[in-house]
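**Student:** Quick one, what's the 3D model for this:
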Amino acid sequence: MRSTLLALLLVITSVVPAQAEPATGRAAEPGNGPERNEVAAVDPPLHAAARGDNRPEVAQGYPRRTLLRVYPEDTADRAAKLGLATYHSLAPRLNDLQKRSDRVSVEVIGQSTAGRDLYLVTLTAPETPRETRRQEAWRSRIEDDPVAARRDPLLRNAYKAPVWINANIHGDEWEGTDGALRVIEDLATTSDPAKLDLLRRSRVYVNLTANPDGRVAGTRANAAGFDLNRDFVTASQPETRAMRDVVKRVQPLVMLDEHGYVANTLIEPTTPPHGQNYDFDLYIKHGYAGGLRMEAAVAALGHPEAAKPEIPFRDYEPGVWDGWAPIYTAQYSMFHGAVSYTIEVPMRVNRADYTTLPVEELRRRSRINTDVVEATVRSALAYVREHRSALVDNQIEMFRRGDAGEPQRPIPDGYVPGFGPEDRYTTEFPRAYVIPVGADQRSGPAAARLVDHLVANDVRVSRADRPFELGGRSYPAGSYVVDMHQPKRALANVMLEAGRDLSADVPVMYDISGWSHRLLWGASVDVVRSGRLDVPARDVVAASPTGAVDVEVGRDLALRLADGKDAAAVNDLLARGIEVRRQDDGTLVVPASARALAVEVSDRYGVRFTEGSAGGVVLRRPVIAAAVASDELKALRDMGFEVRPVSNAVLDGGFDFSRVDVLFVSSGLRYSSLTPSARAAVDAFLTRGGLVTRGATGARFNAEAGVLAARAVAGKEDANGVVSVVDARGESGHSFVYAPHWFTDLGPGVAVEQTYGGLVAGHWIPRADGTGGQEAAAGQAAVVSGTSARGGKAVLFGTEPLFRDHPKGLYWQVAAAIYACSKA
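**Tutor:** Reported below is the predicted structural model:
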């Protein structure tokens with residue numbers, strides 16, 4: 001087994017943990033804790049969308065009216081019980097407002113996972129096309145030429161301040177939509193001079209329901225099972241990509257992300273650690289002042305339940321509600337120049353409360369929550385109106401510093417009340433990053449994916465016209481350069497830097513503390529710390545094609561698994577009936593007769609075929625019975641595997657294993673809880689089929705089913721981050737962990753495929769009793785493989801190679817494990 005997985009584990013990246021309850025006792029949210037290992041994913045529903053005309057009536061200027069398609073009434077919409085707006089009521093309401101007011105424009109900015117329209121409402125005084133073009137030119141100048149923008153008095157006086165309100169990103173936190181609707185309807189029809197002045201000098205953008213599928217179903221996650229407020233650094237979901245594109249396009253000065261539920265109401269700024277890439281002095285001076293204003297506005301409502309709002313920066317201990325990770329809407333938006341806030345309204349109406357409380361009590365709570373949303377939005381708009389010029393200058397200065405390559409400014413204690421040494425997190429920006437291209441297969445689809453992701457996030461990337469030298473290294477033409485003298489250098493760096501080990505800084509973190517596209521996405525990326533940057537290059541709009549068939553006609557073609565795209569290409573060929581052979585070192589060989597199809601999949605997936613050799617066993621496209629989390633289900637299907645979701649309930653109901661090749665267990669399946677007949681079916685399968693497991697649930701399944709002799713040891717439940725690892729050949733790499741495990745007391749025939757080194761970035765401390773720390777894991781087996789006494793093969797992962805669809809460079813490890821465990 002060792003030899004078959006060596007190729008799989010030559011390059012090692014990582015995955016992210018799920019959230020455990022913080023040490024403070026503040027409850028962890030669903031999706032961030034043990035339930036990720038307890039609730040198996042199911043196929044998402046598809047929504048039959050109604051027809052309509054979503055084309056704007058005008059191409060330029062404001063208003064930009066859109067006739068929204070109207071959806072049929074859905075009596076199961078969970079918002080109705082709370083007396084809140086149902087999703088199907090939104091389009092008629094917005095259509096009516098557009099008819100009645102020339103201050104309201106609505107765009108459909110995309111569709112949800114299940115096919116529902118995503119509405120972006122814009123509120124502003126009417127503009128001619130010429131005025132709109134001038135506003136857009138000013139917005140571009142602020143980012144592209146901040147020095148000129150700072151010197152432009154007309155821009156600084158007449159630029160309309162953009163504000164973005166994001167509502168209902170968690171589907172069962174409904175009231176953001178309803179509070180925003182109150183403000184929309186008021187601004188659409190008001191005659192109040194102050195509000196009319198706001199609209200003359202601002203544009204207010206409202207993403208009315210960021211998660212309509214979750215709103216209707218009453219779930220935190222979207223229809224694919226993803227927490228959208230953990231997805232921004234990855235953008236795996238269509239709803240997240242729509243929000244990302246909004247924040248890029250509108251470049252807000254201020255943004256609010258409306259959530260629930262925290263007793264009393266929560267208003268950011270966050271506790272430390274604050275993201276080390278921010279120009280935090282520019283954020284916190286307005287972030288704290290605006291937060292205090294919102295606090296006063298909420299308290300003034302007179303609701304005892306919201307009389308004393310909490311501001312984490314002022315009221316919580318470090319780490320309890322941190323601002324470290326760029327996975328959240330608010331923290332991500334800061335990289336685009338926004339003074340951003342997460343708002344948590346006070347009165348819980350979801351989960352158990354939704355089903356147990358009387359309807360009138362639920363509606364009373366929802367009215368309070370809606371009042372709080374409305375108060376925070378109105379307070380933020382008032383702050384923007386009063387501080388418009390300073391906020392514009394603030395954003396210009398952020399982009400100017402990035403473009404000039406200036407170091408971050410030191411922030412003295414007391415810069416705002418309460419700011420001290422515990423708030424001081426900074427970094428040194430490198431001069432550039434280089435993403436080389438060449439014959440190395442890893443530089444193919446992985447490099448293209450990374451470049452396209454950076455560009456999609458408004459990071460500027462160029463492609464060299466000819467060979468060059470930089471940082472003492474030589475690079476071929478076509479290599480990519482990320483010049484860190486650019487307006488959004490902080491966003492570039494937060495994706496490409498390694499990160500930081502925070503274990504000694506704070507006792508707890510709210511969610512993940514480590515990520516790195518450079519270390520986890522599979523591409524080779526070099527860091528250039530300093531020096532002159534003089535590379536003839538052109539700006540990149542999209543990465544160049546990477547597919548190639550470097551084989552003479554008539555020769556067999558070989559593909560080495562080094563990326564999830566390689567697995568997708570292989571599974572595509574297998575699905576078309578092509579005979580693919582797997583050799584002992586994991587290489588996959590395609591016959592010369594299938595060259596035309598190999599060229600086709602090479603182009604489609606960006607993979608590179610080289611000359612193959614004789615030998616190997618015939619592989620068939622594996623069918624996987626998967627008791628896995630939603631993120632893993634998506635990753636497996638993205639790699640082209642045929643996946644059949646299972647759980648205890650499905651197996652107890654009489655699941656047919658006859659066409660299954662591999663059982664993948666990480667969530668929602670316990671061997672000892674199966675009925676006797678289901679357990680017998682699993683036992684029979686394990687005599688011929690393979691087993692792949694991940695995490696606590698997978699390790700428990702292996703132990704209870706008696707598959708491999710390997711004792712799993714659990715690391716601290718909230719430990720997470722990027723780790724260094726060493727594979728069976730002694731090659732070093734990186735992986736990802738969340739609630740990590742390692743394996744000891746290995747029986748005969750159980751091979752170590754990967755061992756832990758140390759934590760590179762993240763948070764991993766021991767439990768109070770001293771167990772579960774990173775020191776205990778160092779040198780221990782992170783991934784093991786072997787053949788069970790029943791005869792089936794198995795691979796056990798203690799790492800997180802598919803976590804939240806993020807560590808793309810690790811997916812091939814899972815694919816190789818599946819192929820190795822599949823019988824020919």
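**Student:** which stretches of the stretch 401-550 of the chain form helices?
**Tutor:** Secondary structure of the stretch 401-550 of the chain, counting by DSSP state H, counting those that start in this stretch: helices at 445-456, 489-496, 517-520.
**Student:** Mean pLDDT for these - can I get that in JSON lines?
**Tutor:** As requested, those are exported to JSON lines (pLDDT from 0 to 100):
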{"stretch": "helix 445-456", "mean pLDDT": "97"}
{"stretch": "helix 489-496", "mean pLDDT": "98"}
{"stretch": "helix 517-520", "mean pLDDT": "98"}
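**Student:** Out of those, which is closest to residue 550?
**Tutor:** Set against residue 550 and scored by CB to CB, the helices of the stretch 401-550 of the chain come closest in helix 445-456, at 15.1 Å. In this view, the C-beta of every residue, glycine as well, is placed from N, C-alpha and C.
**Student:** Buried ones in that closest one, by neighbour count?
**Tutor:** In terms of neighbour count (16 or more other CB atoms under 10 Å), helix 445-456 has its buried residues at 445-451, 453-455.
**Student:** Please apply the same query to stretch 77-86.
**Tutor:** 77-80, 82, 84-86.
**Student:** Check stretch 101-117 too.
**Tutor:** Applying 16+ other CB under 10 Å to stretch 101-117 flags 101, 103-117 as buried.
**Student:** go on, stretch 309-323?
**Tutor:** Neighbour-count burial for stretch 309-323 flags 309-314, 316-323 (criterion: 16+ other CB under 10 Å).
**Student:** ditto for stretch 764-775
**Tutor:** 764-766, 772-774.
**Student:** and of those residues, the nearest to residue 755?
**Tutor:** Among these, and counting by CB to CB, the member closest to residue 755 is residue 774, at 13.1 Å.
**Student:** What separation do you get for that closest one and residue 576?
**Tutor:** Residue 774 sits 45 Å away from residue 576, going by CB to CB, to the nearest Å.
**Student:** Against the centre of the chain, work out the most remote residue.
**Tutor:** residue 554 (43.8 Å; CA atoms, centre = their mean).
**Student:** In contact with the nearest residue to it once chain neighbours are set aside: list those residues for me.
**Tutor:** Excluding its sequence neighbours, the residue lying closest to residue 554 (CB to CB, 6 or more residues apart in numbering) is residue 592, at 5.3 Å. The contact partners of residue 592, taken as CB atoms under 8 Å, 6 or more residues apart in numbering, are 553-557.
**Student:** which other helices and strands contact the host helix or strand of residue 214?
**Tutor:** Using DSSP states H and E, residue 214 sits within helix 212-217. Applying 3 or more CB pairs under 8 Å, 6 or more residues apart in numbering; DSSP states H and E, one finds that helix 212-217 makes contact with helix 87-100.
**Student:** who touches the helix it packs on?
**Tutor:** Residues contacting helix 87-100 (CB under 8 Å, 6+ apart): 52, 63, 65-74, 77, 79, 85, 104-106, 116-117, 119, 121, 177, 181, 184-185, 188-189, 208-209, 212, 215-216.
**Student:** in it, what counts as buried?
**Tutor:** 87-91, 94-95, 97-98.
**Student:** Stretch 214-227 now?
**Tutor:** Quick answer for stretch 214-227 (16+ other CB under 10 Å): 214-227.
**Student:** Could you do stretch 720-736 as well?
**Tutor:** Applying a neighbour-count criterion of 16+ other CB under 10 Å, one finds 720-728, 733-736 buried in stretch 720-736.
**Student:** follow-up on the earlier one: specify the next element, helix or strand, located C-terminal of the helix holding residue 214.
**Tutor:** Helix 212-217 is succeeded, C-terminally, by helix 238-250 (DSSP H and E).
**Student:** Excluding chain neighbours, what is closest to residue 724?
**Tutor:** Closest to residue 724 by CB to CB, 6+ apart is residue 757, at 3.4 Å.
**Student:** so what's that neighbour up against?
**Tutor:** 723-726, 732, 778.
**Student:** how near is it to residue 123?
**Tutor:** 53 Å.
**Student:** residue nearest the centroid of this structure?
**Tutor:** For the chain, by CA atoms, centre = their mean, the most central residue is residue 231; offset 2.1 Å.
**Student:** Now for the nearest residue in space to it that is not next to it in sequence, how many residues are close by?
**Tutor:** Nearest non-adjacent residue to residue 231, counting by CB to CB, 6+ apart: residue 240, 4.3 Å away. Residues lying near residue 240 (other CB atoms under 10 Å) number 26.
**Student:** Quick check, residue 365 in contact with residue 345.
**Tutor:** No. Contact criterion CB atoms under 8 Å: residue 365 and residue 345 do not qualify, at 9.3 Å.
**Student:** which of these two has more neighbours?
**Tutor:** residue 345 (31 against 22).
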